[in-house]
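In: I'd like to go over a predicted model; first the sequence, then the structure.
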Amino acid sequence: MPSCGERLSKKARCLAQREESHTEKARLIEGLRDQYPLALLLLIASMSRSSFYYHLSLLQADDKYADLKQRISDIYHHHKGRYGYRRITQTLKNEDIKHNHKLIARLMGELKLSARIRRLKYRSYKGQCGVIAKNLVKRRFRAEAPNRRWLTDITEFKVGGDKLYLSPILDCYNNEIVSYTLSRRPVYDLVKQMLDRALKDIPSKREEQLTLHSDQGWHYQMKPFANTLKDNNIKQSMSRKGNCLDNALMEGFFGTLKCETIYLEKPKTIEALEKQIHRFMHYYNHERIQMKLKGLSPVQYRTQSLMQT
């Protein structure tokens with residue numbers, strides 16, 4: 001057994017035990033493939049690749065859900081562990097493969113597949129340094145059409161001793177990220193560029209007024225920020241001091257973002273993290289389904305609603 005075997009789980013160590021049958025070893029290897037390289041597991045088990053696939057086929061021959069398990073595994077790994085049983089059930093439904101969510105949850109348990117969740121939060125509040133706007137949103141995070149209600153905030157990432165700041169705008173209609181900017185420092189330009197980019201893609205004349213909601217961070221208290229909103233006929237709204245629930249939808253997005261990027265594939269450099277976030281933003285808007293959007297991605301939901309009007 002290689003020296004790294006000392007760090008393997010108890011199940012992985014069972015592979016080296018002689019009394020285990022080849023069929024049982026194949027079962028153990030299949031359950032551990034999402035955690036360790038197949039070549040390493042085969043080496044520990046003293047089992048050839050052809051023997052593994054032979055005994056795996058015997059196991060699957062008696063399993064009426066073998067094909068479904070394989071599709072579940074494919075979906076899970078395609079989305080890099082970001083999907084739990086609810087989204088996998090919906091993805092299968094979108095493919096016209098309809099099964100009860102309880103069955104999918106049970107099969108994922110057998111496959112040792114589970115989504116990961118974790119959250120962190122950067123605080124930009126530094127006291128009152130400008131004008132504090134009233135809370136116009138009041139936790140009403142739904143909108144009847146695009147560009148009616150936007151949310152924004154700033155979150156911080158750390159890679160070693162380096163930091164990276166992300167400033168996005170989220171549309172409450174379909175949870176789409178309208179625009180975002182990245183910076184190594186939480187300067188005002190981070191927010192300014194984000195807002196400028198968002199304004200380029202919306203009509204200057206709108207039937208319904210747009211509201212932009214944020215916390216009381218110093219960036220949003222700046223006069224240039226408030227003036228830009230006023231010049232574009234956008235109402236400004238702010239959460240109450242120290243109440244993160246007033247911007248809960250944005251907080252939820254940051255939790256999803258961090259869970260499905262840095263906690264899945266830990267970047268070693270800030271440059272790698274930047275690329276990772278750019279990839280995720282496109283994935284989130286165009287591909288990642290959301291149950292509250294009828295199993296569609298934000299862009300798919302918006303596009304579908306526009307076609308129906």
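Out: Great, that's in hand.
In: Glu144 belongs to a helix, doesn't it?
Out: No: applying DSSP: H, G, I helix; E, B strand; the rest coil, one finds Glu144 to be coil, outside a helix.
In: report the contact partners of it.
Out: Tyr173 (C-beta atoms under 8 Å, 6 or more residues apart in numbering). For every residue, glycine as well, the C-beta is placed using N, CA and C.
In: which positions within the top helix by length along the chain qualify as buried?
Out: For the chain, the helix with the greatest residue count under DSSP state H is helix 270-286. Neighbour counts using 16 or more other C-beta atoms under 10 Å place 270, 273-274, 276-277, 280-281, 283-285 of helix 270-286 among the buried residues.
In: between these, which is nearest Ile75?
Out: Tyr283 (13.9 Å; C-beta to C-beta).
In: pLDDT value on the closest one, please?
Out: According to the per-residue confidence, Tyr283 scores 96 in pLDDT.
In: tell me where the stretch 51-200 of the chain has helices.
Out: Shown for the stretch 51-200 of the chain, the helices assigned by DSSP state H, counting those that start in this stretch span residues 66-78, 85-94, 101-110, 188-200.
In: got these as a markdown table, with distance to Glu156 columns?
Out: Output for the helices of the stretch 51-200 of the chain, formatted as a markdown table (distance: least, C-beta to C-beta, whole Å):
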| stretch | distance to Glu156 |
| --- | --- |
| helix 66-78 | 29 |
| helix 85-94 | 27 |
| helix 101-110 | 32 |
| helix 188-200 | 11 |
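In: what's the following helix or strand past the longest helix of the chain in contact with?
Out: Reading on from helix 270-286 to the C-terminus, the next helix or strand found by DSSP states H and E is helix 298-308. The set of residues that contact helix 298-308 without belonging to it, under C-beta under 8 Å, 6+ apart, is 146, 171, 173-177, 284-286, 290, 293-294, 296.
In: show me which residues of helix 298-308 are buried.
Out: Along helix 298-308, these residues count as buried under the neighbour rule (16+ other C-beta under 10 Å): 298, 300-302.
In: closest to Asp74 out of those?
Out: Ranking the buried residues of helix 298-308 by separation from Asp74, with C-beta to C-beta as the measure, puts Gln300 on top at 20.5 Å.
In: what's the ChimeraX line that selects buried ones from the contacts of helix 298-308?
Out: Selection of the buried residues among those in ChimeraX, burial being defined by 16+ other C-beta under 10 Å:
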select :146,171,173,174,175,176,177,284,285,290,293,296
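In: which of the contacts of helix 298-308 sit farthest apart?
Out: Taking C-beta to C-beta as the measure, the contacts of helix 298-308 span a maximum distance of 19.0 Å, between Ile177 and Lys294.
In: just want the angle from the helix or strand containing Gly252 to helix 270-286.
Out: Element membership of Gly252, judged by DSSP H and E, is helix 248-259. Between the axis of helix 248-259 and that of helix 270-286 there is an angle of 130 degrees, by axes from the mean of the first three to the mean of the last three C-alpha atoms, to 10 degrees.
In: list the buried residues of helix 248-259.
Out: Residues of helix 248-259 classed as buried under the neighbour-count rule (16+ other C-beta under 10 Å) are 249-251, 253-259.
In: would a markdown table of those with distance to Asn135 and pLDDT be doable?
Out: Shown next, in a markdown table, are these (distance: C-beta to C-beta, whole Å; pLDDT from 0 to 100):
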| residue | distance to Asn135 | pLDDT |
| --- | --- | --- |
| Leu249 | 14 | 94 |
| Met250 | 14 | 93 |
| Glu251 | 15 | 91 |
| Phe253 | 19 | 94 |
| Phe254 | 20 | 93 |
| Gly255 | 22 | 90 |
| Thr256 | 24 | 91 |
| Leu257 | 24 | 92 |
| Lys258 | 26 | 89 |
| Cys259 | 28 | 87 |
